[in-house]
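Peer 1: pasting the sequence and the predicted coordinates here, then a few questions.
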Amino acid sequence: MNKVTTLSLLFLCLISFAKLSAQVLPQALIIGDTTFCPDDSVQLFVVPGTYPRYLWSTGDTTNDPTLFASAAGSYWVRVIDTAGNVGPMSPTRSISQITPPAKPRILGQAAFCKNGSTSLTASPGNMPKYRWSTLDSSASIQVSQPGNYSLVAIDINGCESVLSDPFSVVENPLPPRPVIMGDSAICEGDSALVGLLAPFYTSYNWSNGAGSQSIWVKMADSLRISVTDTNGCQSPLSAVFIVRESMRPPPPAIGGDTVFCEGDSLQLFGPMGQTSYLWSTGATTPTVWVQSSGAYALRVTNAVGCISPFSQPWRISELPVPAMPVISPFGPDSLHANSHARSYIWLYNGQPLADSSEIIPANQSGVYQVIALNESCISDTSAAFSFVKTSLGEKLSDEFAIYPNPAKDRLYILFPQKRELEIAVMDIQGKKIMQQRLLLDASGLGELKLEGLAQGYYFLRIGAAWKKFLVKE
């Protein structure tokens, strides 16, 4: 090789060295996130990013100055120019995978009532964001539809947890609208039982604040009720149940007689127009026949079912039927009906006489009969008594008066037409126990002393006239 050739080669080497020195490539720099979420990746960027190709530590050669890394580790890169020159290795960039949030749970009521809702809450509830199957993102949501609900928890890095287990929510029907049963009318001072029939519920909510299945109502009221079942669902309100208060009838008035004859019966009457009747005898008719003495009472029920208080006692007495009287003479010209009674009917030759006393004067001969009466109780007619008048006796022109009656130790006789009297006192059997002449004062008043007379009834006779009086101690 000659000197020229050597110089030429040297020149060419110098040129090549100079050229080679001009193509020295820069050291690249990797920028980008250093963490990523599971099942995700991180994008790494090369600076400068103007080279046609890049050689990554992964072995990838790309014409994109970015790389998506989905594995934790240390990454570097070299730049490659168009001439194929490779630059120095960049500083390493370490990336790591973030631990994801724990699998969340859903807490809350798994059921709600029709037309209602329930609240569902994520646990743990401290994540910044959630993604529910409803597309809601808050920690708690309100749901009003039955179905399965789930969610994903998202941390501050945007990493998502695995999907929660499904949470099933059901919709419970409302209890049917209750129907109040019971009496819709109460009587003054009474009470009525109203309430619900089966089925039974967890709670009962009355409009008056009561909480039992049935309640006693003591005054007029308008009531409504709703019920709550074992699912906590409340029924619609019932229809209004109106309880009306009615006045009680006053104590009824009993009508009828107060006495009846032995062996007979007596009819008592209650007021007409009542719904029902209840006598103290147990009878339930508007009228009742009774056959014994005593006190009777009645209560009635009106059209709305209110029962009156009992009436005032209606006392009735049973009068004995007088025994058939026996006529006997009472002195020379009087007849006595030997029967205890209140009044008498005397017959003379079959015709009634005006005199109704126990002893009558017999002014004429003939056939006498008598009937004894205790008010309306009538004895059998006595046997006929034939009387023969033997003496007209003394006939008084005017009736006399006696007092006091009953008497105790003396009896006053007033006979204005007389100044002197012949008097006789008979016992109840017609036996004469006293006879005397009595002087009257100027006014016709005389005094008869009764010492020695036992208590009982007596007859005072003046001529053919008689007066009955009672001596009491």
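Peer 2: Arrived safely, thanks for sending. Numbers count the residues shown, from 1 in each chain.
Peer 1: got a list of contacts for stretch 95-108?
Peer 2: 33-38, 42, 44, 69, 72-73, 75, 118-124, 127, 130, 149-155, 157, 159-165, 167 (CB atoms under 8 Å, 6 or more residues apart in numbering). Just so you know, the C-beta spots here come from the backbone N, C-alpha and C atoms, and that holds for glycine as well.
Peer 1: could you do stretch 47-56 as well?
Peer 2: 25-26, 28-31, 46, 61-67, 75-82, 86-87.
Peer 1: ok, and for that stretch, which residues are buried?
Peer 2: By 16 or more other CB atoms under 10 Å, the buried positions in stretch 47-56 come out as 51, 53-56.
Peer 1: closest one of the residues you listed to residue 358?
Peer 2: residue 56 (156.7 Å; CB to CB).
Peer 1: for beta bridges, what are the partners of the closest one?
Peer 2: The residues listed as beta-bridge partners of residue 56 by DSSP bridges are residue 77.
Peer 1: and what of the one 10 residues further on?
Peer 2: Using DSSP bridges, the beta-bridge partners of residue 66 come out as residue 45.
Peer 1: and it, how many neighbours does it have?
Peer 2: Residues contacting residue 66 under the criterion other CB atoms under 10 Å number 12.
Peer 1: tell me how far it lies from residue 78.
Peer 2: Taken as CB to CB, to the nearest Å, the spacing of residue 66 relative to residue 78 amounts to 15 Å.
Peer 1: average model confidence for stretch 361-374?
Peer 2: Averaging pLDDT along stretch 361-374 yields 87.
Peer 1: in it, what counts as buried?
Peer 2: Judged by neighbour count (16+ other CB under 10 Å), stretch 361-374 contains these buried residues: 361-363, 366, 368-374.
Peer 1: ok, stretch 183-192 next?
Peer 2: Neighbour-count burial for stretch 183-192 flags 186-187, 190, 192 (criterion: 16+ other CB under 10 Å).
Peer 1: for the residues you listed, which one is nearest residue 436?
Peer 2: Checking these one by one against residue 436 (CB to CB), the nearest turns out to be residue 187, at 72.7 Å.
Peer 1: ok, the buried residues of stretch 183-192 vs residue 467, which is closest?
Peer 2: Out of the buried residues of stretch 183-192, the one with the shortest distance to residue 467 is residue 187. That distance is 59.3 Å, counting by CB to CB.
Peer 1: my guess is residue 193 contacts residue 183. True?
Peer 2: Yes. Between residue 193 and residue 183 a contact is recorded at 6.9 Å, counting by CB atoms under 8 Å.
Peer 1: any weak-confidence spans in the protein?
Peer 2: 1-23, 390-398 (pLDDT under 70).
Peer 1: which parts of it belong to which domain?
Peer 2: If you go by automatic domain parsing, the domain ranges for the chain are 25-97, 105-172, 181-246, 255-319, 327-387, 401-471.
Peer 1: okay, how far is it across the longest one, tip to tip?
Peer 2: Using CA to CA, to the nearest Å, one end of domain 25-97 lies 32 Å from the other.
Peer 1: now do the fifth one
Peer 2: Distance across domain 327-387, first residue to last, is 10 Å (CA to CA).
Peer 1: ok, now how distant is residue 337 from residue 429?
Peer 2: Counting by CB to CB, the gap from residue 337 to residue 429 is 12 Å.
Peer 1: so the two - more neighbours on which side?
Peer 2: Neighbours around residue 337 and residue 429, counted as other CB under 10 Å, are more numerous at residue 337. The numbers are 27 against 10.
Peer 1: which residues touch the more buried one?
Peer 2: Contacts here follow CB under 8 Å, 6+ apart; on that basis residue 337 touches 325-327, 344, 346, 358-359, 370, 372, 382.
Peer 1: report the beta-bridge partner residues of it.
Peer 2: Each beta-bridge partner of residue 337 is listed here: residue 327, as defined by DSSP bridges.
Peer 1: phi, psi for residue 353 please.
Peer 2: With angles defined as degrees, to the nearest 10, residue 353 sits at phi -100, psi 160.
Peer 1: now do the helices in this structure.
Peer 2: Here the chain has its helices, by DSSP state H, at 3-22.
Peer 1: pick out the residue closest to the middle of it.
Peer 2: Centroid-nearest residue in the chain: residue 216, 2.2 Å away (criterion: CA atoms, centre = their mean).
Peer 1: thanks a lot, catch you later.
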